[in-house]
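1. this is a predicted model, with the sequence first.
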Amino acid sequence: MITLVFRLLLFALAVFLYMYDPSETVLYSIGWYILREVVLLAIIWLHLVVGMMFRLIPNKRISMGARKHFFETNLKSSLAHPKEKIKTNIHKGAATIAIVWIVLNAFVFMLMHLAGLLTLEIAVIILLSYSICDVAFIQFSCPFRFLFMHNRCCTTCRIYNWDFLMITTPLILFPSLFSLSLLTLALAVFIRWEFAVWRYPERFAIETNPGLCASCNHCNAKV
């Protein structure tokens, strides 16, 4: 909830700085530019980079759903499950979500272009709106879960660590040190995750990794 509130504040600040630009004097213009183009982007960059580093380095500061690809979180089950069957189950809906996300963003980019609003500032606002949805889906209800994957919860989510690549998608059209650094790190998180999914599928299924349901004894969630 703290992360959600923080991202909401960042979004509100970004919209405010975009909509209300006091340009009566040179001093105001310079100060506004520094606040919007330097301070705000630096805060966003630092926030996202720290979050992505937690996904790359084994640690216990993030949820099990985000760190189940690490070796340290894998508690092997004594039950035998065919590897191919596990792969089939955990990959359910992932390809569809990837296609939907690409089409959705292409549509958003096209609308912004036609409206003459396709700028870095708007891309950052879209990025922040995606970041809000990311946390809101975890806290409340995730459309990817009930529309495509039908998994029990975020702990067993196949695409959990796709989030940063999804969040930074709007930056693709605006190459800069800010955007390229975030996209590169987001891609590293995605590749690290996908490597583990395909190489160690047993870490992602509750049938083969009891650690995923260690704290879910009283869970009533329906698949």
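-> Structure's in. What do you need?
2. ok, and the closest non-adjacent residue to residue 51?
-> residue 164 (6.8 Å; CB to CB, 6 or more residues apart in numbering). Placement of C-beta: from N, CA and C, glycine included.
3. gap between the one you found and residue 211?
-> 23 Å (CB to CB, to the nearest Å).
4. the two: which is more packed in?
-> Taking other CB atoms under 10 Å, residue 164 and residue 211 do not tie; residue 164 has more neighbours (25 against 18).
5. longest helix in the chain, by number of residues?
-> The longest helix of the chain (DSSP state H) is helix 177-199.
6. who's in contact with that one?
-> Applying CB atoms under 8 Å, 6 or more residues apart in numbering, the set of residues contacting helix 177-199 from outside is 41, 45, 48-49, 52-53, 55-56, 69-70, 87, 90-91, 120, 158, 160-162, 164-165, 167-168, 171-172, 203-204.
7. is the residue nearest to the spatial centre of the chain in a helix, a strand, or coil?
-> Nearest to the geometric centre of the chain sits residue 163, at 1.7 Å (CA atoms, centre = their mean). At residue 163 the chain is in helix, as set by DSSP: H, G, I helix; E, B strand; the rest coil.
8. and it, what pLDDT?
-> pLDDT for residue 163: 96.
9. what does residue 117 give?
-> 88.
10. and it, what element?
-> Using DSSP states H and E, residue 117 maps to neither a helix nor a strand.
11. phi, psi of it?
-> Main-chain torsions, residue 117, degrees, to the nearest 10: phi -110, psi 10.
12. that one: neighbour count?
-> Around residue 117 there are 12 residues (other CB under 10 Å).
13. quick one: it from residue 182, how far?
-> 21 Å.
14. one more: residue 202?
-> On the measure of CB to CB, residue 202 and residue 182 end up 32 Å apart.
15. thought residue 149 was touching residue 91, still the case?
-> No - counting by CB atoms under 8 Å, residue 149 is not a contact partner of residue 91; they are 9.3 Å apart.
16. okay, and the common contacts of these two?
-> Residues touching both residue 91 and residue 149 (CB under 8 Å, 6+ apart): residue 158.
17. neighbour count winner among these two?
-> Neighbour count, other CB under 10 Å: between residue 91 and residue 149, residue 149 has more, with 21 against 15.
18. could you find the closest non-adjacent residue to the more buried one?
-> Distances taken as CB to CB, 6+ apart put residue 93 closest to residue 149, at 3.9 Å, once the chain neighbours are dropped.
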